[in-house]
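Asks: predicted model, plus sequence, below.
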Amino acid sequence: EEQEPRIYLIKYTFDMDPAVWRRLPTVSDYRFYYDSTINDVLMELSEDGDINIAVPKDDKGSKTYNGIKEIRYTGFDLVSLNSRDKVKTMIFDELKKL
């Protein structure tokens, strides 16, 4: 089955205490938080409507990922963004919900 291209919006929340960071998080770190094989081992996954939530199962999971506290993400078909109004409502409104 062919799937439409999708856009994902992701919000990361980190512990603000720099003592738990091995280094500052970067944009390229997203793959570590999004990889489902890692998430299944170190993260507890849940849903709140159309928003997926991942939180560390324990301190080890949090420390492994620079003090991550929570990841919230959602996605929708990219082809549905066919006007400026849709971009505003579908992206910015979704970002507010995260």
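Replies: Here it is on my side, so go on.

Asks: mind listing the strands for the protein?
Replies: 6-14, 43-48, 51-56, 68-77 (DSSP state E).

Asks: can I get the ones you listed in CSV including mean neighbour count and distance to residue 92?
Replies: No exception for glycine: its C-beta is placed from N, CA and C like everyone else's. Listed next are those as CSV, based on neighbours: other Cβ atoms under 10 Å; distance: least, Cβ to Cβ, whole Å:
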stretch, mean neighbour count, distance to residue 92
strand 6-14, 15, 10
strand 43-48, 13, 19
strand 51-56, 18, 15
strand 68-77, 17, 13
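
Asks: which residues does residue 95 contact?
Replies: 9, 11 (Cβ atoms under 8 Å, 6 or more residues apart in numbering).

Asks: just the pLDDT for it.
Replies: Model confidence at residue 95, expressed as pLDDT, equals 89.

Asks: state the distance from it to residue 74.
Replies: The gap separating residue 95 from residue 74 is 9 Å, by Cβ to Cβ, to the nearest Å.

Asks: alright, calling it a day.
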